[in-house]
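Participant: have a look at this prediction, sequence included:
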Amino acid sequence: SQHASLEGLQRTLQRGVDEDIDRLLTSILARAAPPVSGADAAYFWESDRIWTTREGLERRRSELRLLREEKIPANQDAIGKAASQGDLSENAEWEMAIQEQEKLTTRASEIEAELRVAELIENAILPENTVCPGTSVRYRDLENASEHEIDILGPWDTDREHVVSYRAPLAAGLLGRRPGDRAKIKLPSGTMEVEVLTARPTELG
């Protein structure tokens, strides 16, 4: 059983293992642990980590590479050219280039910080029959009885069709629900009442 496997991992940790393996096993234990009852209940997506697919993670890394290797160097060249034109106090091109530098470096720093807390949905142990990142969810809009299906993935995966970030209001209102559960979800357009019909792991590939 999963519980017995977890106990075995815990015993392995207590005996002492290589540091990298220790970190991996500890991470697995944290993800696999079921929510405890009461105020301390928490699911894996309720941490400060950013959950994403491998594809989404690589897309974010590519964005950072583009900033570091192309956009920031090009901006530095533009600053140098503008500075060579003389009086900086009346040099609009120089001012624009400096503003662009601040924007680009801030963006790069933000992405670097995000990547440090990224976790792969593919590595998460999904709670069975529960809406969470990494699930395809079918639900019914109780106002008009229409049925819809969405894939709940990470904030860097939303370029795919029918994908909703788990941080978006619709998905966030469904997280932790099980088939048969009803939920009132606050959206920018108003409140929506839904019933969860199915929740199954999304096919990622």
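Facilitator: On my side now, so go ahead.
Participant: number of nearby residues for residue 184?
Facilitator: 10 (other Cβ atoms under 10 Å). Where C-beta positions appear, they are placed from N, C-alpha and C, glycine not excepted.
Participant: quickly list what it is bridged to.
Facilitator: residue 193 (DSSP bridges).
Participant: if I look at it, how far off is residue 134?
Facilitator: Residue 184 sits 24 Å away from residue 134, taking Cβ to Cβ, to the nearest Å as the criterion.
Participant: what of residue 193?
Facilitator: Residue 193 is 25 Å from residue 134, by Cβ to Cβ.
Participant: the more surrounded of the two?
Facilitator: Legend: neighbour count by other Cβ under 10 Å for residue 193 and residue 134, higher for residue 134 (25 against 12).
Participant: show me the contacts for the more buried one.
Facilitator: 51, 121, 122, 124, 126, 152, 153, 201, 202, 204 (Cβ atoms under 8 Å, 6 or more residues apart in numbering).
Participant: residue 114 belongs to a strand?
Facilitator: No - membership of residue 114 in a strand is not supported by DSSP: H, G, I helix; E, B strand; the rest coil, which gives helix.
Participant: out of everything not next to it in sequence, what's closest to it?
Facilitator: What sits nearest to residue 114 in space, not counting adjacent residues and going by Cβ to Cβ, 6 or more residues apart in numbering, is residue 50, at 5.7 Å.
Participant: for residue 113, see how far away that neighbour is.
Facilitator: 10 Å.
Participant: more neighbours, the two?
Facilitator: It is residue 50, of residue 50 and residue 113, that has more neighbours when counted by other Cβ under 10 Å, with 21 against 10.
Participant: identify the bridge partners of that one.
Facilitator: Beta-bridge partners for residue 50, by DSSP bridges, are residue 118.
Participant: before we move on, the earlier item: please narrow the contacts of residue 134 to those residing in strands.
Facilitator: Mapping the contacts of residue 134 onto strands (DSSP state E) picks out 51, 152, 153, 201.
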